[in-house]
Structure formats: C-alpha cells, structure tokens
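**Student:** Any chance you can model this:
(one chain, ligands or ions: 3)
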Amino acid sequence: MKKIQAWGTTAAGKPLAPMTIDRRAPGEGDVVIQILFCGVCHSDIHQARDEWSGATFPMVPGHEIVGRVIEVGSGVGKFRVGDMAGVGCMVDSCRSCHPCGDGVEQFCLKGNAPTYNGTEMDRKTRTFGGYSAEIVVNEGYALRVPSALDPASAAPLLCAGITTYSPLRQLGCKPGDRVGVVGLGGLGHMAVKLAASMGAKVTVLSTSKSKEADAVRLGATDFIVTSDAVAMKKAAGSLDIVIDTVSAPHDYDTYLSLLRARGAMAIVGAPPTPVTLHAFSLILGGKRLVGSLIGGIAETQEMLDHCAKHGIGSDIEVIPIQQINDAYERVLKSDVRYRFVIDLESLNR
Ligand code: NAP
Ligand code: ZN
Ligand code: ZN
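**Tutor:** Residues are numbered from 1 along each chain as shown. Ligands and ions are numbered 1, 2, ... in the order given. Now for the predicted structure:
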C-alpha cells in the first residue's frame, strides 16, 4: 500500500476536501500512472451526491484520467516508463465472461471494477478515482494516449468522448446522416465534434440560446432552442440519429418526434429519476430507443486514435483542484465551456 494525496468527500453531498488514500501495490501486469489531468464528469457529481443511490464513502471521484507511466510491472508489454496513458470509467473486469470476451467489458456479467465508488474484482479493495496523484491499473484497462493529442484536452475523451463515440458507431453514423445532439455540455460537445468528424450533419438541441455560436464552431450546422415550439415542430421527422446527453429528467417523447421513420435515439444522459414514455412515440415510425454505457476498452482505444487522426480534443477550462466545489456548482448551472479539467499538479499547493 502507498499513501496518495487526493481530494474527495466523506459523505453524500459534503464538499470535496483534501484526503489521503491507500493505493494498492502494483502487480506484474500493472502500471503506475502519475495523474496529470482529470476531467470533471457530471457522473462525478451524481455519485458524490449519491443521486443514483448506493454510493460508498469516502469517495474520490474522477474517471477521465490522463497521466504519465512512472512504473511498470515485469509482465507489462503495452507501456514503458514515460508513456502517456489514460484511464476511463473502469479499471478491471472478470476477463472471462461473454461480454468481456466480446470487448464490452463495461457489461461484465460479474460487474466491472469501476474506477471509483466501487471495488477491484476481489470485491474488497476500494477503488478511488482521478482527483488524486497516482493510480495503479492493469495494463489491459489503460489506454494509449496518442502523442498528437494534448494531454489536458484528451482527458475528457476517456468518458465524454467514448460515451458519445460508441452509440454513434453502434448506430452506424455515416457521411450525410442527420444527427441531433440533445444538451450541449461535456458529453454533448463531444457528440457534435465526433458526429461531424464522421461526416454527419449535426443539429444541436439546447435549452441555452447562448450556446448557438459555440455549437456552430464545434461543427453543428443547425441549432434549435428546445423552448422554440415552432422550430421543434419544423424539425419533426428529420433526424436519423439522436444522442440524448441530458443529465436531468426531461421528456423523451419530444426528441423521439424529431426522428425519421426507423431512426434511432440513444440515451446516454442518466437522470436520477424515472421518466415516462409514450408507446406511440416509438410505434409510429418504427423508431428505436437504445441506451449506451461508455464503451469497451478496444473501442475506447479506437476512439482515441480517431481523435488523434481528426485533431479532436475536448474544449476545456483547466482548474486547480482547490476550485472543484465551485466547478460542480457551475456544471449544475450548465455554465461550463465545455469540460472542467483538473490540473493535478495543484495537489501540491
Ligand atoms: P453536463 O456537462 O452537465 O451537460 C448536460 C447538459 O444537459 C447541460 O449542459 C444542458 O445543456 C443540458 N441540461 C441540463 N439540465 C437540463 C434540463 N433540466 N433540461 C434539459 N437540458 C438540460 O453533463 P455531462 O458530463 O455531459 O453528462 C451528461 C449526463 O450523462 C449525466 O447524467 C451523466 O451522468 C451522464 N453520463 C452517462 C454516461 C454513460 O455511459 N451513459 C457517461 C458519462 C456521463 P444545454 O444547456 O445545451 O441545454
Ligand atoms: Zn463520466
Ligand atoms: Zn466479465
């Protein structure tokens, strides 16, 4: 065990504060990563405030991790000391069930080992996330961060990037498709960039009129303020794919109405409470509604390589860890352009 500096919370909703955590000693298949940057995902807030229930404390959030490998076990072949590496939302899985074999480790039948707010696969060792100085992870669950990517703006790709890349790929997004992105936050702005890079024509559906210019700069061709009933009606039946990233309860029927016949909507935003859905929103037009959870390890690597090839990073506001509680409040007010990223060097201040 090694004592590591971190920031976390000791109970649901309590402000985050400095704390010390124990990191397990690295085994032969593990890498030790000195964390340089960690993105702030809305899921960090949901969990630190126990909005999804079942949270365990103390909790050190953070699952958009980029850092430098500072130690490798004797059996590690994928990384060398000095390499840039990333860690997303999981640090292990059973490696033997069907989903693990199919490369969708996020759906491991034994339950994956989440990067924080859970345990390693021994179901005893608590996991702690990236608002910390170092992390130990099996090399199979660490990603190579291409040198073409800026490390700070690459950090959000480890969750916001893969969570939007995966449904776009699974729904077969292709040049000329019309893609709607609901909610222009951390996930939403990545969905716009990624769909545009796949050749799609992107419409942003936002509650915030002030985000229109940004939407266009990010690659959208159309922008609709969702309170504009006339514009929403005009857009009905026009989209092939909708990616819904909204973090609060809202009306899915409205967005399903924007799909063309046989179109598909992927829910990635995870509101804490159930929502109602009208059966006819799907029946009329033979529409599909799917959910999507991050992505598997191989698909995450594919996404990072895609981003390197297309020059895609997240639009970020870098903060010292001391500003994390203010950052949470600003995320809740949709006042972030478009992802906070913690510079972990600030842990030493
Ligand atoms: P975020 O940065 O806060 O973005 C969410 C956006 O949703 C906001 O910017 C806002 O966009 C819109 N919004 C917020 N409240 C709304 C409301 N009441 N009605 C309508 N729109 C609203 O959050 P994020 O980090 O992108 O995460 C979004 C959601 O995805 C969270 O629930 C998070 O837990 C979840 N998530 C899921 C996965 C997965 O694997 N499925 C992975 C990561 C995160 P506008 O201002 O444009 O309206
Ligand atoms: Zn996340
Ligand atoms: Zn498994």
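**Student:** Residue numbers of the stretch 101-250 of the chain in contact with ligand 2?
**Tutor:** Residues of the stretch 101-250 of the chain lying near ligand 2 by CB under 5 Å from the ion: Cys159. Quick note: C-beta positions are derived from backbone N, CA and C, even for glycine.
**Student:** can you pull the pLDDT of the residue in the stretch 101-250 of the chain that ligand 2 sits nearest to?
**Tutor:** Nearest residue of the stretch 101-250 of the chain to ligand 2 (CB to the ion) works out as Cys159 at 3.2 Å. Predicted confidence (pLDDT) at Cys159: the value is 98.
**Student:** Roughly how far does it sit from His42?
**Tutor:** Distance, Cys159 to His42, by CB to CB, to the nearest Å: 10 Å.
**Student:** again with Thr10
**Tutor:** Distance, Thr10 to His42, by CB to CB: 21 Å.
**Student:** of those two, who's got more company?
**Tutor:** Applying other CB atoms under 10 Å to Thr10 and His42 shows that His42 carries more neighbours, namely 25 against 12.
**Student:** near ligand 3, which residues of the chain?
**Tutor:** Counting by CB under 5 Å from the ion, the positions of the chain adjacent to ligand 3 are 93-94, 97, 100, 108.
**Student:** Spell out which residues of the stretch 151-300 of the chain are next to ligand 1.
**Tutor:** Within the stretch 151-300 of the chain, the residues that sit near ligand 1 (CB under 6 Å from any ligand atom) are 159, 163, 183-188, 206-208, 211, 245-248, 250, 268-270, 292-294.
**Student:** from the residues you listed, which ones fall inside helices?
**Tutor:** Among these, the ones falling in helices (DSSP state H) are 163, 186-188.
**Student:** Between the residues you listed, which sits nearest Ala298?
**Tutor:** Nearest to Ala298 among these: Thr163, at 15.5 Å, using CB to CB.
**Student:** I'd assumed Val268 was in contact with that closest one.
**Tutor:** Yes. The pair Thr163 / Val268 is scored as a contact, 5.2 Å apart, by CB atoms under 8 Å.
**Student:** any shared contact partners between the two?
**Tutor:** Counting by CB atoms under 8 Å, 6 or more residues apart in numbering, the common neighbours of Thr163 and Val268 are 187, 292.
**Student:** So those two - more neighbours on which side?
**Tutor:** A side-by-side neighbour count of Thr163 and Val268, using other CB under 10 Å, places Thr163 first with 31 against 24.
**Student:** residue contacts, that one?
**Tutor:** Taking CB under 8 Å, 6+ apart as the criterion, Thr163 is in contact with 187, 190, 268, 292-295.
**Student:** residue boundaries of the helices in the stretch 1-150 of the chain?
**Tutor:** Using DSSP state H, counting those that start in this stretch, the helices found in the stretch 1-150 of the chain span residues 42-48, 98-101.
**Student:** Mean neighbour count, the ones you listed: which tops it?
**Tutor:** With neighbours defined as mean count of other CB atoms under 10 Å, these peak in mean count at helix 42-48, which reaches a mean of 24.
**Student:** for it, packing partners?
**Tutor:** The contact analysis (3 or more CB pairs under 8 Å, 6 or more residues apart in numbering; DSSP states H and E) places helix 42-48 against helix 324-332.
**Student:** ok, residues contacting the helix it packs on?
**Tutor:** So helix 324-332 is contacted by 7, 15-16, 40, 42, 44-45, 48, 131, 185-186, 319, 336, 340, 342 (CB under 8 Å, 6+ apart).
**Student:** Apply 6 Å and report the result again.
**Tutor:** Helix 324-332 has contacts (CB atoms under 6 Å, 6 or more residues apart in numbering) with 15-16, 40, 42, 45, 319, 336, 340.
**Student:** The closest residue to ligand 1 within the chain - how many residues pack around it?
**Tutor:** Ligand 1 sits closest to Gly185 of the chain, with a gap of 1.8 Å, by CB to the nearest ligand atom. Gly185: 24 surrounding residues under other CB under 10 Å.
**Student:** rewinding a little: pull the most distant pair out of the residues of the chain next to ligand 3.
**Tutor:** Between any two of those (CB to CB), the greatest distance is 7.9 Å, for Ser93 and Cys97.
**Student:** These two: which is more packed in?
**Tutor:** Under the criterion of other CB under 10 Å, the comparison of Ser93 against Cys97 puts Ser93 first, with 25 against 14.
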